[in-house]
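Asker: Model the following, please.
(one chain, ligands or ions: 1)
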Amino acid sequence: MDASQKRSPTPLLGVLISGRGSNLKAIIDAIAAGRLDASIGLVLSNKPDAPGLDHARHAGIETLVLSHKDFASREDFDRAMVKALSDRQVSLVCLAGFMRLLSPVFVDAFSNRILNIHPSLLPKYPGLHPQQQALDDGAQVSGATVHFVNNDLDAGPVILQREVPVLVGDTAQTLAARILDVEHRLYPEAVQLVLDRLR
Ligand code: GRF
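Answerer: Numbering: from 1, shown residues only. Sure thing, here's the model as predicted:
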């Protein structure tokens, strides 16, 4: 058997978005730059007008919109997402600004294969508006976390974290921008780390 036969196929990622998609773009760029050994098999959005869909389209990546509003229950919506991702043989799911809570239907279907990025040093400041939470708390340091998704919000095992200073005069917006810059480097690194362990 020669080297090319031994090499396992490039793992396929499914990326779930609801909005801007700058972390999706960071993953696309990391793959293009050879910093992440993967391909994106599907970008799925629950919002038809998510600007991030354009990043996928420009990169020639398949996109799919499944609006949660078209489903009778959270579980039905999650079952449709599981089918779409499974049909494309996605091996890892990356949440990138996906603003829907996932039910056990989804989490159990991709057990230990769902990653999320959150703009705080979890377990600090889970949930919404973590940058404002950090400011309200008087924190001098916040950051970004990539973690596995389990059935508890922002509470799964941490994969990678990086600190970001909170500066005097920061607003939620300036802090969010400084953290986002770090997120864009951290997420591809974390995905590669997980893929290396799956092999
Ligand atoms: C990021 O700050 C991410 O940490 C959080 O939602 C935001 C998504 O931004 N989960 P983008 O859509 O990737 O630009």
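Asker: Give me the distance between the residue nearest to residue 71 when sequence neighbours are not counted and the ligand.
Answerer: Of all residues not flanking residue 71 in the chain, residue 77 sits nearest, at 3.9 Å (Cβ to Cβ, 6 or more residues apart in numbering). (Glycine included, C-beta is placed from N, CA and C.) From residue 77 across to the ligand, the span is 19 Å (Cβ to the nearest ligand atom, to the nearest Å).
Asker: list the contacts for residue 77?
Answerer: Residue 77 makes contacts with 46, 66, 68, 70-71, 100, as judged by Cβ atoms under 8 Å, 6 or more residues apart in numbering.
Asker: what about it, which SS state?
Answerer: Put simply, residue 77 is helix when judged by DSSP: H, G, I helix; E, B strand; the rest coil.
Asker: State the pLDDT value of it.
Answerer: For residue 77, the pLDDT comes out at 98.
Asker: sorry, back to before: please, a PyMOL command that selects the buried ones among the contacts of residue 77?
Answerer: Listed next is the PyMOL selection for buried residues among these, using 16 or more other Cβ atoms under 10 Å:
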select buried, resi 46+66+68+71+100
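Asker: For the contacts of residue 77, name the two members farthest from one another.
Answerer: The most widely separated members of those, counting by Cβ to Cβ, are 70 and 100 (12.9 Å).
Asker: What residues sit buried inside the helix or strand harbouring residue 177?
Answerer: According to DSSP states H and E, residue 177 maps onto helix 172-198. Judged by neighbour count (16+ other Cβ under 10 Å), helix 172-198 contains these buried residues: 175-176, 178-180, 182-184, 186-191, 194-195.
Asker: for stretch 31-42, same thing?
Answerer: Using 16+ other Cβ under 10 Å as the test for burial, stretch 31-42 gives 31, 36, 38, 40-42.
Asker: and the end-to-end length of that stretch?
Answerer: Start to finish, the residues bounding stretch 31-42 are 14 Å apart (Cα to Cα, to the nearest Å).
Asker: got the residues of the chain near the ligand?
Answerer: The interface of the chain toward the ligand, taken as Cβ under 6 Å from any ligand atom, is made up of 19-23, 52, 96-97, 117-119, 180, 183.
Asker: Would you pull up how far the helix holding residue 177 lies from the middle of the chain?
Answerer: Centre-to-centre, helix 172-198 and its host chain are 9 Å apart (Cα atoms, centre = their mean, to the nearest Å).
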